[in-house]
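> Predicted coordinates and the sequence they were generated for:
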Amino acid sequence: TPNMVRHFGMIAGGTGITPMLQIIRAIVRGRADGDKTQVDLIFANVTPQDILLREDLDTLVNEDSGIRIHYVLDNPPEGWTGGVGYVTGDMITKWLPKPADDVKILLCGPPPMVSGLKKTTESLGYKKARPVSKLEDQVFAF
């Protein structure tokens, strides 16, 4: 739904990028019809070689100023300028939208990551994520 929220904050781990990319593409397609939704995505992987669909993602960022991607690597190469380690509360605070009624946080990745991030987002002031997410939830995991 165009303009369903003002700003999506997305956190994906590994193959969890797949549904996020579908949402981002839908937003970009909707720009011509007035979709102004902003997107900040934190995409966590182990090494640069593990970053699925990186070319597609970087192209979207270069073509749309409303899309920003923050890469995080657990095992970064020398000279890496992105995030390092696991996704932290500090990264969420720095890169994702602050809690608000017109903000939604989407989580998708390995179950231990999603479980930890549900606790982290709650500690940062986002509404508590339910065990099974519903569309109206502020923090939605899938």
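Perfect, thanks for sending it.

> where along the protein do the strands fall?
Along the chain, counting by DSSP state E, strands occupy 7-13, 38-45, 67-73, 83-84, 103-108, 139-141.

> Redo those strands as JSON lines? Include mean pLDDT and distance to residue 127.
For every residue, glycine as well, the C-beta is placed using N, CA and C. Supplementary listing: these in JSON lines, determined by pLDDT from 0 to 100; distance: least, CB to CB, whole Å:
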{"stretch": "strand 7-13", "mean pLDDT": "99", "distance to residue 127": "13"}
{"stretch": "strand 38-45", "mean pLDDT": "99", "distance to residue 127": "18"}
{"stretch": "strand 67-73", "mean pLDDT": "98", "distance to residue 127": "22"}
{"stretch": "strand 83-84", "mean pLDDT": "98", "distance to residue 127": "25"}
{"stretch": "strand 103-108", "mean pLDDT": "98", "distance to residue 127": "9"}
{"stretch": "strand 139-141", "mean pLDDT": "96", "distance to residue 127": "6"}
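
> will you turn these into a markdown table that also has distance to residue 126 and mean neighbour count?
Putting the strands of the chain into a markdown table (distance: least, CB to CB, whole Å; neighbours: other CB atoms under 10 Å) gives the following:
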| stretch | distance to residue 126 | mean neighbour count |
| --- | --- | --- |
| strand 7-13 | 9 | 24 |
| strand 38-45 | 14 | 23 |
| strand 67-73 | 17 | 19 |
| strand 83-84 | 19 | 17 |
| strand 103-108 | 6 | 23 |
| strand 139-141 | 5 | 21 |
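
> how about these, which one is nearest residue 55?
strand 67-73 (12.0 Å; CB to CB).

> between that closest one and strand 38-45, what angle do the directions make?
Orientation check (axes from the mean of the first three to the mean of the last three CA atoms, to 10 degrees): strand 67-73 against strand 38-45 gives 20 degrees.

> Okay, the residue nearest to residue 92 when sequence neighbours are not counted and residue 90: tell me how far apart.
Using CB to CB, 6 or more residues apart in numbering and skipping the chain neighbours, the partner closest in space to residue 92 is residue 124 (6.0 Å). When CB to CB, to the nearest Å is the yardstick, residue 124 and residue 90 sit 10 Å from each other.
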